[in-house]
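Colleague: Next input, structure requested:
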Amino acid sequence: MALAYTHLLCIKKSLLLRITLLHLDLKHNLCQSAISTSPASHTTFFQPHGSQTHGSGFGMSGNASRLNNLRLLKEALQPLHFMDDVDSSTYASLLQGCLNNKALSEGKLVHAHIIQIGFVPSVLVQTNLVTMYAKCGSLKDGRRALQEMGEQNVVSWTAMIAAYSRHGSSDEALRLFHQMQQRGIQPNQFTFASILPACADLASLKHGKEMHRQIIASGIQSNIFVACALLDMYIKCDSLEDAHRVFEKMPEQNVVTCNAMIAGYAQSGWVHEALKLFERMHERDIVSWTVMIASFARHGYDDEALRLFCQMERLKTQPDDMTFTSVLPACANLKSLHHGMVVHEHVIRSGYRFNVFVQSALLDMYVKCGSLQEARKVFDRMPTRTVVSWNAMIAGYAQKGYVDKALNLFQKMPVRDVISWNAMITGYAQNGYLDTALEFFQKMPEQNVVSWTAMIAGYAQNERVAEAWELFQKIPQQHVVSWNAIIAGYSHSGQFHEARKLFQQMQLTVLKPNSVTYTTTLPACAKLAALEHGKEIHKDIIRSGLQSDIVLENSLVDMYAKCGCLGDARKVFDNMLGRNVVSWSAMIIGYAIHGCGKEALQLFEQMQLSGTLPNHITFLGVLSACCHTGLVYDGWQYFNSMTQNYSIAPVMEHYCCMVDLLGRAGFLDEAQKFITRMPTRPDAAIWGSLLSACRLHTNVEIGEFAAHHLLKVDPKNAANYVLLSNIYAMAGMWENAEKVRKLMRDRKIEKIPGCSWIEIDNKVHSFHVGEKLHPQTHQIYGKFKTISRQTKDMGRRYVPKTNFSLHDVEEEQKKNTLCHHSENLALPSGLSRHTWGHLSGLSRTMGV
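Modeller: Below you'll find the model as predicted:
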């Protein structure tokens, strides 16, 4: 008997010793945990998927301590079933150990022992029991333990609220919160820090603001954890103004809270505000840089994203996987293979070459930059290929015309999704294989809006707009994406009136236009010079809150410039919070096409000072500006700087600009030599530009040389014959001019008459030369005579340039014909009706 008692006493002492050791170890780790989760290292508010926690936290040493705790816990529990006399502090320590180690099985053993020996648990034991179940994710057991508590407290309620919130049961978390208050238990700072994420998860700004009011009433709004939870809630509920107010009043703005605020600004498109806060930060970590780079790339500021990445590298901040997956899309969007390959080298040096997310971003970048060989290398080296990787490679091949290679990969795919089928449909449709695309479309297991849109876009791009419209009408449920596709299809095929009408028709539906809709419709307004409609779209954009979308802002600059409203274009440009290379190029080209060469070149200088690198489109605007201002020397300087300073290889359009520049200035011999020295074969535009210059300077010899080559490469274009005939007519060589006209008749090539249109009260009126069919013909011709008489009285008489007339007729007859050109009729039409209607833009197509 004595021996048994002694043995039992030894077991009890052993148990108490183990529990004491466990308790001391737990206290040590609780201290370490408190340090690692202090406000300065709290990283729960911006943690991108797949990234590691930055800053201090549990590393390998933390895991070792946890394993050590679990070992001690199991050793302490071994003799428990021999014991029938355990005090509250022992049970509390054991449950605390189960809680910290998330040891649910061991926690249930302790609970079972409490019930078995009939122990009446103290409030501390009951609280630890509820908290243990909550932290271990056993919500049903935790809820039961909470209900069985004789004396419930805020700690146990908070534990359950946090558990429900953490496991995605946000509605239940809110219900528990209200039940707790109904029972007279007041929430504390930890309760609010637990319930606010539930409000954020539900995107319930109403509940979030109610919590905020209670926090203010409790006087705990300055608590750093509560403030962080409030900030996170407002950001996730898209209430940036409230988030900004909370942020500005925070007692401590550390790197984590700044990162959260930057991410919030970026998420809502407030890129300028994000940048201001980023530049204000005294301390930045890799998350700060990554969030800002991702913000730039996501909202179209790709060149700024690259600039920031380079700046980060110069400051020796080591990028991580999320940084690479943020900057690579910027390289892809800019089609900058050079920068993409530089980033790839950084990836290899940083040890992320086998990271699945980085590999997918690299693959996408190479595909979009057109380097399918490098893309295939990345694809083949992938240790694990996701369906996203397969789809990216298939789409790359398909879009570049390698449909056989795309099909080969498609057939090898282990698992296909709807995106895989859409990639094949898009590839076949874009490359003109519409029958095959339709076959895939009909075979695919499930068709979605992208599938329908791909087919519609394919028909439209292949000039089969009627079939695109027929397919559009068969879509089971219309979507804004399908509307965008059909509007873009009509616009792409040059049917701008129809594109504009479709936009107006879409506005009558329940669907709201998005940024793509506006971006698709604005070019149609520009082509039609439909200024009033463009202004209405601008108002819609502002009402929709999309005015900070850089793509839309660029489209507005382009629309206003092409409608001749350079002042409005410049106003939009100057009010932009950020500008990319497209913004600068659009404004420069706008100045150039309206003859404001000086302003265009001044803006180009400002662009260079801003640090934005020009691209090949920018230089088209610059060279065009030199053409309109006769700056031949400057034009040569800019042309040479493309390759020497910016490594931009000239394309055919740049060579055409140089021929135009030299030709307009009268340097026809130099223009001819320039063409013969080109590294590529000149196309019709090059020879046409030289021929136009010959007409301007009545140079028959070089004109015949240019026409000889032009009619070889473009024999069906009536404009080429007309230009040559003009040159002969201007030189008085009527027999030669007649030979050209006879050649046109023999080859059955007909002139296309010029057409002008004018918008009055949102209705477009079109006119051809000598128009007689318009309902107001009599008033229009009368108004033209009045204008001619008034200009004559002012000493600004309109004199037609009869030397450009093709016809060997009397001078007076030439003048009469030229006076009735389409634009000479469209303008009086607008002026005669301006008293009762609203006059908008006037535009014309060039006749030949």
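Colleague: quick one: low-confidence parts of the chain?
Modeller: The model of the chain has pLDDT under 70 over residues 1-70, 76, 78-82, 752-848.
Colleague: any chance you could map the strands in it?
Modeller: Shown for the chain, the strands assigned by DSSP state E span residues 755-760, 763-768, 839-845.
Colleague: Contact partners for the closest residue in space to residue 284 that isn't next to it in sequence?
Modeller: Spatial nearest neighbour of residue 284, excluding adjacent residues (CB to CB, 6 or more residues apart in numbering): residue 255 at 6.8 Å. In this view, the C-beta of every residue, glycine as well, is placed from N, C-alpha and C. Residues near residue 255 by CB atoms under 8 Å, 6 or more residues apart in numbering: 40, 281, 283-285, 287-288.
Colleague: and if you look at residue 243?
Modeller: 231, 234-235, 261, 264.
Colleague: Excluding chain neighbours, what is closest to it?
Modeller: Nearest one to residue 243, counting by CB to CB, 6+ apart, is residue 234 at 3.7 Å.
Colleague: Let me know whether the one you found touches residue 228 as I believe.
Modeller: No - applying CB atoms under 8 Å, one finds residue 234 not in contact with residue 228, separated by 11.2 Å.
Colleague: Of these two, which one has the most company?
Modeller: Remark: of residue 234 and residue 228, residue 234 carries more neighbours, 27 against 24, as counted by other CB atoms under 10 Å.
Colleague: and that one, how far is that from residue 200?
Modeller: According to CB to CB, to the nearest Å, residue 234 and residue 200 sit 8 Å apart.
Colleague: where do the contact lists of these two overlap?
Modeller: residue 208.
Colleague: I'd like to know how many residues surround the closest residue to residue 129 other than its chain neighbours.
Modeller: Nearest non-adjacent residue to residue 129, counting by CB to CB, 6+ apart: residue 145, 5.0 Å away. Using other CB under 10 Å, residue 145 is surrounded by 24 other residues.
Colleague: give me every residue that touches residue 145.
Modeller: 111, 126, 129-130, 133.
Colleague: need the residues you listed in TSV with distance to residue 707 and neighbour count, can you?
Modeller: Below are the contacts of residue 145 laid out as TSV (distance: CB to CB, whole Å; neighbours: other CB atoms under 10 Å):
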residue	distance to residue 707	neighbour count
111	98	21
126	99	25
129	96	28
130	93	29
133	90	28
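Colleague: Chain neighbours aside, what residue packs nearest to residue 657?
Modeller: Residue 657 sits nearest to residue 623 (CB to CB, 6+ apart), 3.8 Å away.
Colleague: In this structure the one you found contacts residue 638, no?
Modeller: Yes - the pair residue 623 / residue 638 is scored as a contact, 6.1 Å apart, by CB under 8 Å.
Colleague: Please report how far residue 579 lies from residue 370.
Modeller: 26 Å.
Colleague: Between these two, point out the one with more neighbours.
Modeller: residue 579 (22 against 14).
Colleague: so how far is residue 556 from that one?
Modeller: Distance from residue 579 to residue 556, by CB to CB: 13 Å.
Colleague: swap in residue 381?
Modeller: Distance from residue 381 to residue 556, by CB to CB: 44 Å.
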